[in-house]
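Chemist: this one's sequence-less:
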C-alpha cells in the first residue's frame, strides 16, 4: 500500500510580506535620521561694487569680474605682483565658496580673503600651483568684502579673471565701512 506523497510546500510562502515590512521599516528610519535640508547657497557678488589694486586699461575694470558676463568682459591687472580685486557684498555674509574663471593669464598662487571693514583681511583659502581654467573653491568664513590677492602670476602678463563669483548667505549682521586695500 503505497501512500501518495503530498506535494512539497512552496518554499517561498509569504516570504515577500516580511521582506516588504522590513524594507518599509528601514526606509522610515532613514527618513527620520536624514539631516535637515539647508537652503542653497546664493550668488552674492554679481553686480556688486568692485575695486582693484590696478587695471591693465580702461576696458578691464574690476567690475567686469562681477558682471555675470562669463567670457565677454574681464578684469585684468597691471603686469606685476602682488595684485588684488575685491567685491563689496553690501553686508556681512556667511561665505561658502568662490568660483574664479581665469583667462589665459591666471594666478599660480593667490589667496581668497574676507574682511568686515575692507582694511583688515582674513585668509579663507590659499592656492599654490594653480593651473588656470575654473577654480571652484570651498571656503569657510564671513565678511562684507571678499578679495582675490594674487601673489604669483603664471605668465609675464597680469592677473586676468573673466568672472569671480562669491557664494554664501547673508547673515544680516552690520558690517563696518572701509576702503583699505
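Modeler: Received the coordinates, thanks. Remember, it's a predicted structure, so these values are computed and weren't measured experimentally.

Chemist: Run through the strands of the protein in chain order.
Modeler: Under the criterion DSSP state E, strands of the chain are mapped to 42-43, 50-52, 75-76, 83-102, 107-115, 122-127, 134-153, 160-170.

Chemist: Which one of those strands lies nearest to residue 63?
Modeler: Comparing these by their distance to residue 63 (CB to CB), the top pick is strand 50-52, with 4.8 Å. Just so you know, the C-beta spots here come from the backbone N, C-alpha and C atoms, and that holds for glycine as well.

Chemist: in its sheet, what does that closest one sit against?
Modeler: With DSSP bridges as the test, strand 50-52 is paired with strand 83-102 (antiparallel).

Chemist: Determine which stretch of the strands of the chain is the most buried.
Modeler: Greatest average neighbour count among the strands of the chain goes to strand 75-76 (a mean of 26), per mean count of other CB atoms under 10 Å.

Chemist: Do I have it right that residue 159 meets residue 78?
Modeler: No - using CB atoms under 8 Å, residue 159 is not in contact with residue 78; the gap is 9.1 Å.

Chemist: Which one's more surrounded, these two?
Modeler: residue 159 (35 against 16; other CB atoms under 10 Å).

Chemist: quick one: contacts for that one?
Modeler: 75, 76, 77, 83, 85, 105, 106, 107, 110, 148, 150, 153 (CB atoms under 8 Å, 6 or more residues apart in numbering).

Chemist: Look up how far residue 77 lies from the fifth one.
Modeler: Going back to what we said before, that points to residue 85. Distance of residue 85 to residue 77, computed by CB to CB, to the nearest Å: 7 Å.

Chemist: Touching both of those two, which residues are there?
Modeler: With CB under 8 Å, 6+ apart as the test, residue 85 and residue 77 both reach 52, 53, 159.
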